[in-house]
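generate a structure from the sequence data that follows.
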Amino acid sequence: MQPQATRALFFLFIITLFLMGCAGRGPRPEPQPYFDSPDTLPPPVVSDDIPPDITLIYPHLAPGDTVVEGAIPDSVFVFGHVSDSRGRLTVNGAQIPIYRSGGWLAWIGLERVVPPSDSNGTLRWEHVAPVTIRYTAPSYRVADGNRLVQPEPLEKRIWFVEPVVGPLMESRVDSLGARLTVTDSIAVLRCGWPGTYDIFVPRGTVMWTDRVERGWRTYYRVPLGTGFAGWIEEKYVSVDTAGSPPKQSVIYSMRASVEGRETRLQIPLREKHPFRVRHEADGRLVLSVYGAMSWTDLIIQPFNSSGVEEFRWAQRDTMTYEITAFLTSDDPWGWFTEYDAHGNLVWTIRSAPEIDPDRPLQDVRIVLDAGHGGDNLGAIGTTGFTEKEANLALAETVKAVLDSA
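So this is what the prediction gives:
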């Protein structure tokens, strides 16, 4: 090939590359369905017209706040999402991968520093650990394609702090004697502060608290038996510091009745006490009522019950009255415990139906409980997608499959 032809081809190649570069970014691929792959969770809507932004999902902060109060750990994770996954993100100087959804997650070590004194010469915080999140969106060309725009970097800073003085103080525990009444339909007693869910308590349940712990939330301690207590959050109850303790119920007799596959035990009580049901390994069901004592001399047993052989009672301590249901099989079909309109505690135990092996789903109702709901969001993902939304979407998908069958 002649040198002139070689040079011409070379210059043509260079011009082609230049024109390709001037063409700007191509069209963005369409978002994929939510459940195609783990990397296609619902993405934030992104566009060249949307200004760059950093959304922080965890740690949870009040609008406009930057302070996370409490004992500073050695390390912590932070996560959220950005407006464009093609940008660059750093947390405390370390570059963090951004997923196609815009989500990101970083696990970082925290380094404590002593802050300078305030204007009064006293420290507001004993230690602080700053976290700096820096995001630079990708450059783009304006509509006419002749001007390249580089967005300014964005920065967010979080302060993990250990307070010493000032309005944000460490939580404290105080003695308190008060009557609590449950006002919420989804109230829960936790096994500690802050512990996991332990006992669900119906609306109208009354309890006595002897301690209150105040911090970023307020919890009341409720004695339930010897060496046993629960903690309930302030938002679930009304508090009467002048009220008297709930009256202890004396149980003289109980009556069981049978209707079809359901066996019901009616327990008369003076107050609506907290209770729990345990399913023991040998198949027995045990109902504990906290705040009742025995003077029991009569239990009308469930004759002709297909699920329960008999009920027995025991006084475990001065506050705990227990009723044991001995079952005809190791696995009951289900049970439900509630207070009726007269204040009686009604324990319903259901036995399994007879199942036709040829048509096992005949006359069977299938219930899909999505879990969470209302203001109970559950876990929250990097894009802000909540466990509540994921559960509901999954339940609706399963429902559609069942309906089609």
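
which stretches of the stretch 51-200 of the chain form strands?
Using DSSP state E, counting those that start in this stretch, the strands of the stretch 51-200 of the chain run over 54-58, 67-69, 75-82, 88-91, 94-95, 103-109, 125-136, 140-141, 148-149, 154-163, 172-182, 187-190, 197-201.

check the average confidence over the fourth one, would you?
It stands for strand 88-91. Computed over strand 88-91, the mean pLDDT rounds to 94.

the strands of the stretch 51-200 of the chain: which one's closest to residue 240?
When those are ranked by distance to residue 240, counting by C-beta to C-beta, first place goes to strand 172-182 at 4.4 Å. Every C-beta, even on glycine, is put in place using the N, C-alpha and C of the backbone.

now what about that closest one, what contacts it?
Strand 172-182 is contacted from outside by 201-215, 220, 222, 232, 236-241, 243-246, using C-beta atoms under 8 Å, 6 or more residues apart in numbering.

who's in contact with residue 308?
Per C-beta under 8 Å, 6+ apart, neighbours of residue 308: 256, 263, 302, 325-328, 349, 351.

let's see it at 6 Å
Shown in contact with residue 308 (C-beta atoms under 6 Å, 6 or more residues apart in numbering): 263, 302, 325, 349.

sorry, back to before: type out the PyMOL command that picks the buried ones from the contacts of strand 172-182.
Remark: buried members of those, expressed as a PyMOL selection using 16 or more other C-beta atoms under 10 Å:
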select buried, resi 201+202+205+206+207+208+209+211+212+213+215+220+222+232+236+237+246
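
report pLDDT for the closest residue to residue 352 other than its chain neighbours.
Distances taken as C-beta to C-beta, 6 or more residues apart in numbering place residue 333 nearest to residue 352, at 4.5 Å, with adjacent residues excluded. For residue 333, the model assigns a pLDDT of 88.

just to revisit the earlier point, now the strands of the stretch 51-200 of the chain as a markdown table including distance to residue 279?
A markdown table is the format used below for the strands of the stretch 51-200 of the chain (distance: least, C-beta to C-beta, whole Å):
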| stretch | distance to residue 279 |
| --- | --- |
| strand 54-58 | 35 |
| strand 67-69 | 40 |
| strand 75-82 | 36 |
| strand 88-91 | 46 |
| strand 94-95 | 48 |
| strand 103-109 | 38 |
| strand 125-136 | 45 |
| strand 140-141 | 60 |
| strand 148-149 | 64 |
| strand 154-163 | 42 |
| strand 172-182 | 24 |
| strand 187-190 | 19 |
| strand 197-201 | 15 |
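
what is the burial count for the residue nearest to residue 352?
14 (other C-beta atoms under 10 Å).

likewise for residue 280?
Neighbours around residue 280, by other C-beta under 10 Å: 11.

how much space between it and residue 324?
Counting by C-beta to C-beta, to the nearest Å, the separation of residue 280 from residue 324 is 8 Å.

next structured bit after the helix or strand harbouring residue 276?
Using DSSP states H and E, residue 276 sits in strand 275-279. For strand 275-279, the following helix or strand on the C-terminal side (DSSP H and E) is strand 285-290.
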